[in-house]
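# Sequence plus the predicted model coming up.
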Amino acid sequence: MTEVRQIKKISYGQTNFEKIRTENYVYIDKTRFIEMLENEPNSYCFLIRPRKFGKSLFLSTLYHYYDICSKEKFQTLFGDLYIGENPTGKQNSMFVMKFQFSGLNTRSVEKFEESFTEAIQSSIQRFIIQHQFILKDYEKISEAAEKIKSIRGNIEFALSIIERFGCKAYIIIDEYDHFANDLIAQGTNLSLEQYKQLIWANGVVRDFYETLKDATQTVVDRIFITGVTPIMLDDVTSGFNISNNLSLDLRYHDILGFNEDEVEKLIDDCGIDRAKITIDRQFLYNGYLFHKDAKNKLYNSTMILYILNQINITVGAVIQLIDYNLKSDYTRIRMLMNKPENTEKLETIIALGKIESNVIPRFSVEKIHENKNFLSLLYYMGLVTIHKDENNEKPWLKIPNYSIKTMYWEYMEEVILERNPKMSYDPTEILSASGTMAFEEDYLPFFEIFHQKFVSRISTRDLRRFSEKNVKFLLLSVLFQTDYYLPISEPENTEGYIDIYLKRRNDIYKGIKTDWVWEIKYIKQSDAGKEALIAQKKSEALEQLQRYKSSTLFKDRTDVKYVAVVFIGKKEFQIVRGTEELT
């Protein structure tokens, strides 16, 4: 008799390993890395990955593998996984103690010290509750713990309980840098002074790490720390100089996130109808590299679980391609743009899609705005990733995928609209004009509204530094407000880089017959009367469009139309005549 395959639930938003394994959620087996971590010569490991990459689930997996309270559940939770078939001998032999540092109060040193101490106390109390069934005199232990007020006292009390059992402790620290990122994002001198007082001096953070370091001589066997950035790694080393940073280690490249084979397994295990997957998932969500020699590009696990869940539950096509929960985690980049040089770097990345830079393994908070460090910060946040250029040995960082590009465009739109408050507009006008372009192949209404509502309202201050790049930023941010196309900036072509490629969304709108290739030119207001210059720009635009049309990407395609537009200062624009022959 044929065995009926059990369809798994999509584990979007789920971070509890036990719940995933016992309630029929899909799970991608990463447990081989437990064995690898245990075989590391250094037992105290540190791993950085961008937000929503699966750190919390991996920590939950470690917890259930090593904690003594999960011993009776081992076969249920791990039996058919790699580590269940290849146990290390240390499974369920330790007391696992977890600390998590999100949501701390960073308004003042006093408020932070209070909330940090409360976070430690809460972690210890939670540890005691989770192990109450094997603790003798649980109530007395709990009452005694509540009376202890110091950080060192709380930790040493919990470790003494473990020591009485003749066991070892496994310490897990999640989001070790969360509060530091909040302080830095505020971008004020007061925040930096707060940071120094809390980290560099004999503050509560230093006390916490020194206590753990001291305990490695006795009861603490292993420590695993995760975070998003390395900004605190240097600053706590004098209190905790024993960690092994695995973040740029090729062996651990795939420890979090999903490679292409794992995504295929997700689709199969969840029984998703492949006919419903009409999007280009690699283009939208793939592209992360954490080592230049890695074989697999990775998906952000939250991104891919989100879209698979949307495909699975949505009747018809998925309209919202990007998880807004993920977007909110990148809003802090807006706060980091308090220095003009950082804005310039960001504009370069948005315009070209990449920038030349190495990744710095660690840097202090005082040097965060230095060029190489700031770009590395973007890398750690997942806003750029390592780019492996087969034809060039230079180190590059690039925007990993379309989803992240949209966040940049939204950021640039905010910046431009803040500088130019007169650029208020009715989104329905843009939608209507975009619809005319999509279904009637008439692009003129869109450019007329774009010029009237945006370009003509550029402030005098911005007009002096306005360029072709700024026009493209504006166009992309406006185009992103509609659902008819996926606007793509600077897609690589055998004949150069196209300014804007509008890829129609046939998954939603079957009536759209045409993709668009746009070449954008800009002439400063002071050159508005120079007819020879205008003619030259038009000629250049037509020549570029002709090259694109004959390229490998577009050759023999009849579903692409080509348009060139020259914007002349803020007062006029001209559609380049002659494109009719190209269309």
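Perfect, I can see it now. Predicted, not measured: the structure shown is a model, and the values here were computed from it. Numbering: from 1, shown residues only.

# How about the contacts made by the residue positioned nearest the centre of the chain?
What sits nearest the mean C-alpha location of the chain, by CA atoms, centre = their mean, is Gly382, with 3.8 Å. By CB atoms under 8 Å, 6 or more residues apart in numbering, the residues touching Gly382 are Pro50, Arg51, Phe53, Tyr288, Asn300, Tyr330, Pro400, Ile404. All C-beta atoms are positioned from the backbone trio N, CA, C, and that covers glycine.

# Spit out the contact partners of the first one.
What that stands for is Pro50. By CB under 8 Å, 6+ apart, Pro50 lies in contact with Val228, Tyr288, Asn300, Tyr380, Met381, Gly382.

# Any stretches of this protein with poor pLDDT?
The model of the chain has pLDDT under 70 over residues 1-5, 183-191, 200-202, 234-242, 327-340, 390-392, 492-496, 577-583.

# Okay, buried residues for the biggest helix by length in it please.
When the chain is parsed with DSSP state H, its longest helix is helix 109-130. Buried residues in helix 109-130, defined by neighbour count with 16 or more other CB atoms under 10 Å: 109, 112-113, 115-117, 119-121, 123-124, 127-128, 130.

# do stretch 358-366 as well
Using 16+ other CB under 10 Å as the test for burial, stretch 358-366 gives Val359, Ile360, Arg362, Phe363, Ser364, Val365.

# Same question for Phe133, what's its three-state structure.
Classification of Phe133 by DSSP: H, G, I helix; E, B strand; the rest coil places it in coil.

# Count the residues that sit near it.
Number of residues near Phe133 (other CB atoms under 10 Å) recorded here: 8.

# Surely it and Cys69 touch.
Yes: if you go by CB atoms under 8 Å, Phe133 and Cys69 touch, sitting 7.1 Å apart.

# Now do the domain split for this protein, please.
Following automatic domain parsing, one finds the domains of the chain at 29-249, 330-419, 424-582.

# Which among these is found nearest to Ile272?
Checking the domains of the chain against Ile272 by CB to CB gives domain 424-582 as the closest, at 14.7 Å.

# for stretch 13-27, how far is the first residue from the last?
Start-to-end span of stretch 13-27 (CA to CA, to the nearest Å) is 13 Å.

# who's in contact with it?
By CB under 8 Å, 6+ apart, stretch 13-27 touches 6, 8-11, 56-57, 60-61, 63-64, 70, 73, 76-77, 81, 266, 269-270, 305.

# buried subset of those?
Neighbour counting over the contacts of stretch 13-27 (16+ other CB under 10 Å) leaves 8-11, 56-57, 60-61, 63-64, 70, 73, 77, 81, 266, 269-270, 305 as the buried ones.

# Distance to Asn16 and secondary structure for the buried residues of stretch 358-366 - can I get that in TSV?
Output for the buried residues of stretch 358-366, formatted as TSV (distance: CB to CB, whole Å; DSSP: H, G, I helix; E, B strand; the rest coil):
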residue	distance to Asn16	secondary structure
Val359	32	coil
Ile360	34	coil
Arg362	31	coil
Phe363	34	coil
Ser364	35	coil
Val365	33	helix
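
# Quick check: of the residues you listed, which lies closest to Leu502?
Using CB to CB, those come closest to Leu502 at Val359, 33.1 Å.

# Could you check how far that closest one is from Ala294?
Counting by CB to CB, to the nearest Å, the separation of Val359 from Ala294 is 13 Å.

# Next: Gln100.
Gln100 is 29 Å from Ala294, by CB to CB.

# swap in Tyr176?
25 Å.

# And those two? Which one has more around it.
Applying other CB under 10 Å to Tyr176 and Ala294 shows that Tyr176 carries more neighbours, namely 25 against 16.

# Need the nearest residue in space to the more buried one, chain neighbours excluded.
Gly227 (4.5 Å; CB to CB, 6 or more residues apart in numbering).

# So His64 belongs to a strand, correct?
No: counting by three-state DSSP, one finds His64 to be helix, located in no strand.

# OK, contacts around it?
His64 makes contacts with Phe17, Glu18, Ser70, Lys73, Leu77, Phe78, as judged by CB under 8 Å, 6+ apart.

# so which of those would you say is closest to Val96?
Nearest to Val96 among the contacts of His64, counting by CB to CB, is Ser70 at 8.8 Å.

# mind listing what that closest one touches?
Glu18, Tyr63, His64, Leu77, Asn92.

# The second one: what's its closest spatial neighbour, skipping adjacent residues?
What that stands for is Tyr63. Using CB to CB, 6+ apart and skipping the chain neighbours, the partner closest in space to Tyr63 is Val96 (5.0 Å).
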